[in-house]
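Chemist: Structure for this input, please:
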Amino acid sequence: LLKARTNIIKKIGDQLKGDYKPTVLAVIPIKESYPNFKNIPYREIKGKSLLEIALNTSYKSEFITESIISSKSKKVLQYSKKLEAEKKVQRHYRFEREKEPESRNIPIINILKSAAGEYFNNNNKYPDILVYLSLHSVYRTHNHIDKAINMLKISNSDCVVSVIEERDPTFKYTETGK
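Modeler: A predicted model of the protein is given here:
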């Protein structure tokens, strides 16, 4: 059912293709560590780091034309440069974000705006579409990205948010509140 729906969305999206190919910038914001969870972008799954997986997935997309790593950590940006030099990932932009307040809730829109501004500084134009890719979505594929972009084109929306239904209980309410 999901494959059939994806094919329908792709066919409709393909019909909307014209002469103009939009620039699509994948923004991958990275926080190096959290309390009790350190060195996240360097952790490996099947011999590839999470950063390498995210970048390679972005460039497998039919639509993404450029990718940018956005981080406050110089170490993350150096690692991303090393992956590029070793030809483990394609060429991509790197952007050191300003130090944000120590808050867990930094609006995604601010990260996207700063990444678009950095893209403008390098290309003298803004990207047509921004795609926020979480480093933590390790099982996301290029098909998921392409489906979201096709849905954006079809619906003529400003924003598409991809979600997964959580069928297991997330909270358990008891008399003690635990």
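Chemist: which residues touch K113?
Modeler: Contact partners of K113, counting by C-beta atoms under 8 Å, 6 or more residues apart in numbering, are absent. Every residue, glycine included, has its C-beta placed from N, CA and C.
Chemist: Check which helix or strand it maps to.
Modeler: If you go by DSSP states H and E, K113 is part of helix 108-123.
Chemist: what is the rounded mean pLDDT of the helix or strand following that helix?
Modeler: Remark: after helix 108-123, the chain's next helix or strand is strand 129-132, criterion DSSP H and E. Averaged across strand 129-132, pLDDT comes to 93.
Chemist: what comes up buried for the helix or strand that strand 129-132 is followed by?
Modeler: The first helix or strand that comes after strand 129-132 along the chain, using DSSP H and E, is helix 142-155. Using 16 or more other C-beta atoms under 10 Å as the test for burial, helix 142-155 gives 142-154.
Chemist: Contacts only, for the residue nearest to the spatial centre of the chain.
Modeler: Centroid-nearest residue in the chain, with C-alpha atoms, centre = their mean: L133, separated by 1.2 Å. Listed by C-beta under 8 Å, 6+ apart, the contact set of L133 reads A26, V27, I28, A54, T57, S58, R140, I145.
Chemist: give me that answer again for 6 Å
Modeler: Applying C-beta atoms under 6 Å, 6 or more residues apart in numbering, we find L133 in contact with A26, I28, A54, S58.
Chemist: So F63, which state does it fall into?
Modeler: Here F63 is recorded as coil under DSSP: H, G, I helix; E, B strand; the rest coil.
Chemist: wait, it sits on A148?
Modeler: No. Using C-beta atoms under 6 Å, F63 makes no contact with A148, being 9.4 Å away.
Chemist: With just CA atoms, put stretch 46-56 into CSV.
Modeler: Provided in CSV are the C-alpha atoms of stretch 46-56 (Å, rounded to 0.1, in the frame of the first residue of the first chain):
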residue,chain,number,x,y,z
LYS,A,46,27.4,-1.1,9.7
GLY,A,47,30.8,0.6,9.4
LYS,A,48,29.5,4.1,8.5
SER,A,49,29.2,7.1,10.8
LEU,A,50,25.8,8.7,11.3
LEU,A,51,27.1,11.8,9.5
GLU,A,52,28.3,9.8,6.5
ILE,A,53,24.9,8.0,6.4
ALA,A,54,23.0,11.3,6.4
LEU,A,55,25.1,13.0,3.7
ASN,A,56,25.1,9.9,1.4
